[in-house]
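Undergrad: Attaching a predicted model along with its sequence, questions to come.
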Number of protein chains: 2
Amino acid sequence: MHTPWEHRFAHRTQRMGSSVIRELLKLTESPDIISFAGGLPAPDVFPVEDFAEACQRVLRDMGKYALQYGSTEGYTPLREMIARHTARYGISVTIDNIMITSGSQQALDLLGKIFINRGDRVLVESPTYLGALQAWNAYGAEYVAVPSDKDGMMTDALENALRTGPKFIYVLPNFQNPTGVTLPIERRHKLIELADRYGVPIVEDDPYGQLRYEGEHLPSVVALDGQYRDDQGACYSGNVIYLSTFSKTLAPGIRLAWVIAPPEVIRKMVQAKQGADLHTATFNQIVAYEVAHGGFLDRHIHLIRRVYKERRDVMLAALDSYFPPGTDWTQPQGGLFLWATTPEGMDTTPLLKVAIENKVAFVPGAPFYPCGGGGNTMRLNFSNATPDNIRIGMARLGKVLKEAIEKK
Amino acid sequence: MHTPWEHRFAHRTQRMGSSVIRELLKLTESPDIISFAGGLPAPDVFPVEDFAEACQRVLRDMGKYALQYGSTEGYTPLREMIARHTARYGISVTIDNIMITSGSQQALDLLGKIFINRGDRVLVESPTYLGALQAWNAYGAEYVAVPSDKDGMMTDALENALRTGPKFIYVLPNFQNPTGVTLPIERRHKLIELADRYGVPIVEDDPYGQLRYEGEHLPSVVALDGQYRDDQGACYSGNVIYLSTFSKTLAPGIRLAWVIAPPEVIRKMVQAKQGADLHTATFNQIVAYEVAHGGFLDRHIHLIRRVYKERRDVMLAALDSYFPPGTDWTQPQGGLFLWATTPEGMDTTPLLKVAIENKVAFVPGAPFYPCGGGGNTMRLNFSNATPDNIRIGMARLGKVLKEAIEKK
């Protein structure tokens, strides 16, 4: 069918292009494929009963309010709860620093909308979160990529990148998506010092911060930045915009996340969100608040950690058992992902087709590199499949890799 | 507090500017003010019990699925239900023509994202829906305004406007927001013919189509366009993108709407939505489907019509009683709004302050005019206040207007 629309698409749609995540999420729907491709939490840890109770309570006690339009900033008690949670991690903010978003993806989109003019540079880790690139491509962002190793962003390479005048630095310090690696405390300090020296602010994306399975909690960049600027360290400096989400601690299907930013940024984001979706579902915000407040999240996070730690350990053991010589992988201390590297010169994109024929799936690494490279890498999710399926799937994937390497 | 962000805002934020709707929605929160400013449905008609039952059923039977990530296109049974609903209104579409959005506001934003290059013209009615202007300003849209009268867009003036080469025509044919007026069948035909002659496609925004309180249902522009191109008239021509929502028939606090478009437009919108919020809350889509399918909406709409018809009638009677000579207003056959005009030269924006001092609120009309004008107009919502409060509030507003006119 020819319609008058197809010649009218905006230029920016050319860069929205290939929807890798989406096409891959579709694969995970086929029940005979063991998928390490998505970033899905384990449905076994969703607090279904708690949601059922909260829905009843909310609809009984405040149904008319919960089903009505709400404010663009978000439900005040939920923002107050987030402010208390943030204070525990060493940063004092008020609700004027907090906006609720429809998932962190929306926070990324709104940041693009309010900050990125066509051609503006954003400094990112390489590889970095694909969803951020998808969001910011639509606003014409260009990227300055700082390479990363098993300790995350290589801050030695940061100074050169900062000289290109990026609008901001985008970093995922904890159990990064896609690599699973964590930025050590020394690199966090270095990042903050250099960002300050070059006057470039930071966007810290922290969806997995609470999902640590070993080692000690590291202070977030936003907290360290507060200490850097103020000996007391309790004040929010405003230099770091911090994103986090309920998708990994409660459930992703309610689409709830938040952003912490200076009030003047929150005001602009509110204006942008008004035009984007008016507000995040009132009902979801109230139900999430009812589920989460009063210490539920602290208790629930222990269950999630136990389940995911086991799955991570099973995957790491399976990598040892099944992945052929010449491959290598990260050792994540938390989060949902690890990152595998195949021999130089291999291309994991055509390999995905072979893997799917063998009933296993992963995400090829190349799309996570904003400036090219990474063709021989892949992202593996360990949170969604059961331990048994992780063993079976990794055996399949190991076989696919072994044959591909032998053929080479 | 000075932060490094405030000098980094994108140029487009200058046009996002004044958040009129938002500031006004805030006013409605003060309990002693009778507000005709918002566009809020009556909470009395929210099917709270039905939601409570559906939430229990969904969480019991498919909780893990409902709380998980979902597809960007939307929940398939919900899209199938919308396809069946659309077929009843004379247009045959498949789920490949349908995407679920987080409210119609998101559909407007995504249309802006995929169609509007900076400087592109959009042909709109004047006045038109403020939310569309807010969404499209962010993408640098310019507007060609066609004036409207008590029968909506003046199609006699359409041809000149079409010669400016707009990217598309945006029209709200039924009980328009803000004016409440309805485009008669002859003007709908004229619109379709002229759009076809100039090769300009149409975006039809129809949030209130089912909320008719008198007169006969008029076929939607998308249905008439199908007939215009095909004697059978049952096929979706693809020339019209059609938006509608569950906000006015179920509840706005769940943020659920849909768009009907050619598959190539849906594909681009899906890519844009992936970057914007990944997908609309799975839980909300399934719960809405559970509430709405099986004929509930048809029954429920009768209740809504009865309640809103009474409130419209009370407001029209109050206008007759309380509004001073020199004022005029529309006679909406449906929807949520009517539109009042005060004497030439009056400015309703400073009048709002006086009205609020007198514990009543409205929306000044000027922001709804994309190319200026309308300073002496105002939008009045009749769905949210009770009949008694409508009488009291309109008496207050009539007094404010009378004094303002006398002072002049």
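TA: Everything's here; your move. Just so you know, these numbers come straight off a predicted model, no measurement behind them.
Undergrad: And for the closest residue to A:Val270 other than its chain neighbours, the neighbour number?
TA: In space, and not counting its chain neighbours, A:Val270 is closest to A:Thr72: 4.8 Å by CB to CB, 6 or more residues apart in numbering or on different chains. All C-beta atoms are positioned from the backbone trio N, CA, C, and that covers glycine. Number of residues near A:Thr72 (other CB atoms under 10 Å in any protein chain shown) recorded here: 24.
Undergrad: got the phi/psi numbers for A:Thr72?
TA: Here is the backbone geometry of A:Thr72 (degrees, to the nearest 10): phi -70, psi -30.
Undergrad: how far away is it from A:Ile33?
TA: In this view, A:Thr72 and A:Ile33 are 40 Å apart by CB to CB, to the nearest Å.
Undergrad: now swap in A:Ala132 and tell me
TA: 27 Å.
Undergrad: More neighbours: which of the two?
TA: A side-by-side neighbour count of A:Ala132 and A:Ile33, using other CB under 10 Å, places A:Ala132 first with 28 against 19.
Undergrad: Let me know whether the more buried one touches A:Ala107 as I believe.
TA: No: between A:Ala132 and A:Ala107 there is no contact under CB atoms under 8 Å: 9.9 Å.
Undergrad: Residues touching stretch A:300-316, excluding its own?
TA: Residues outside stretch A:300-316 that contact it (CB atoms under 8 Å, 6 or more residues apart in numbering or on different chains) are A:41-42, A:44-45, A:47, A:210-214, A:248-250, A:329, A:331-332, A:336, A:338, A:380, A:382-383, A:385-387, A:390-391, A:394.
Undergrad: Tell me where chain A has strands.
TA: Assigned by DSSP state E, chain A shows strands spanning A:34-35, A:98-101, A:121-126, A:142-149, A:152-153, A:168-171, A:202-205, A:240-245, A:257-260, A:328-329, A:337-341, A:360-361, A:363-364, A:377-381.
Undergrad: Just send these back as a markdown table, with mean neighbour count, mean pLDDT and distance to chain B too.
TA: Compiled in a markdown table, these are given as follows (neighbours: other CB atoms under 10 Å in any protein chain shown; pLDDT from 0 to 100; distance: least, CB to the nearest CB, whole Å):
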| stretch | mean neighbour count | mean pLDDT | distance to chain B |
| --- | --- | --- | --- |
| strand A:34-35 | 24 | 94 | 12 |
| strand A:98-101 | 26 | 98 | 8 |
| strand A:121-126 | 24 | 98 | 11 |
| strand A:142-149 | 19 | 97 | 14 |
| strand A:152-153 | 26 | 98 | 19 |
| strand A:168-171 | 26 | 98 | 7 |
| strand A:202-205 | 25 | 98 | 9 |
| strand A:240-245 | 25 | 98 | 7 |
| strand A:257-260 | 26 | 98 | 10 |
| strand A:328-329 | 17 | 98 | 25 |
| strand A:337-341 | 22 | 98 | 15 |
| strand A:360-361 | 24 | 94 | 15 |
| strand A:363-364 | 25 | 92 | 14 |
| strand A:377-381 | 27 | 97 | 12 |
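Undergrad: Kindly reformat those strands as TSV containing distance to B:Leu303.
TA: Converted to TSV, the strands of chain A look like this (distance: least, CB to CB, whole Å):
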stretch	distance to B:Leu303
strand A:34-35	45
strand A:98-101	31
strand A:121-126	51
strand A:142-149	53
strand A:152-153	57
strand A:168-171	49
strand A:202-205	45
strand A:240-245	38
strand A:257-260	36
strand A:328-329	59
strand A:337-341	49
strand A:360-361	48
strand A:363-364	49
strand A:377-381	47
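Undergrad: hmm, back to that, wait, what's in contact with the residue nearest to A:Val270?
TA: For A:Thr72, the contact set (CB under 8 Å, 6+ apart) comprises A:99, A:270, A:273-274, A:278-279, B:22.
Undergrad: so which of the strands of chain A comes closest to B:Asn358?
TA: For B:Asn358, the closest of the strands of chain A is strand A:98-101, at 33.0 Å, according to CB to CB.
Undergrad: which stretches of the stretch 1-150 of chain A have low pLDDT?
TA: Low-confidence regions of the stretch 1-150 of chain A, defined by pLDDT under 70, span residues A:1, A:17-25, A:27-29.
Undergrad: mind listing the helices in it by residue range?
TA: For the stretch 1-150 of chain A, the helices defined by DSSP state H, counting those that start in this stretch occupy A:13-16, A:20-27, A:48-66, A:76-88, A:104-115, A:130-137.
Undergrad: out of these, nearest to B:Cys55?
TA: Between B:Cys55 and the helices of the stretch 1-150 of chain A, the tightest spacing by CB to CB is seen for helix A:48-66, at 3.9 Å.
Undergrad: quick one: the closest one to helix B:48-66, angle?
TA: 140 degrees (axes from the mean of the first three to the mean of the last three CA atoms, to 10 degrees).
Undergrad: Next, the contact list for the residue nearest to A:Asp196 when sequence neighbours are not counted, please.
TA: Nearest-residue entry for A:Asp196: A:Tyr228, 7.1 Å, with adjacent residues in sequence omitted and distances by CB to CB, 6+ apart. By CB under 8 Å, 6+ apart, A:Tyr228 lies in contact with A:189, A:192-193, A:196, A:237.
Undergrad: need the residues of the stretch 151-300 of chain A near chain B, please.
TA: Counting by CB under 8 Å from any CB of the partner chain, the residues of the stretch 151-300 of chain A close to chain B are A:167-168, A:199-201, A:237-239, A:241, A:247, A:251-255, A:261-265, A:268, A:270-272, A:274-284.
Undergrad: repeat that for 6 Å
TA: Within the stretch 151-300 of chain A, the positions adjacent to chain B are A:167, A:199, A:201, A:238, A:251-255, A:262, A:264-265, A:268, A:271, A:274-278, A:281-284 by CB under 6 Å from any CB of the partner chain.
Undergrad: Since that was my last question, I'll sign off now.
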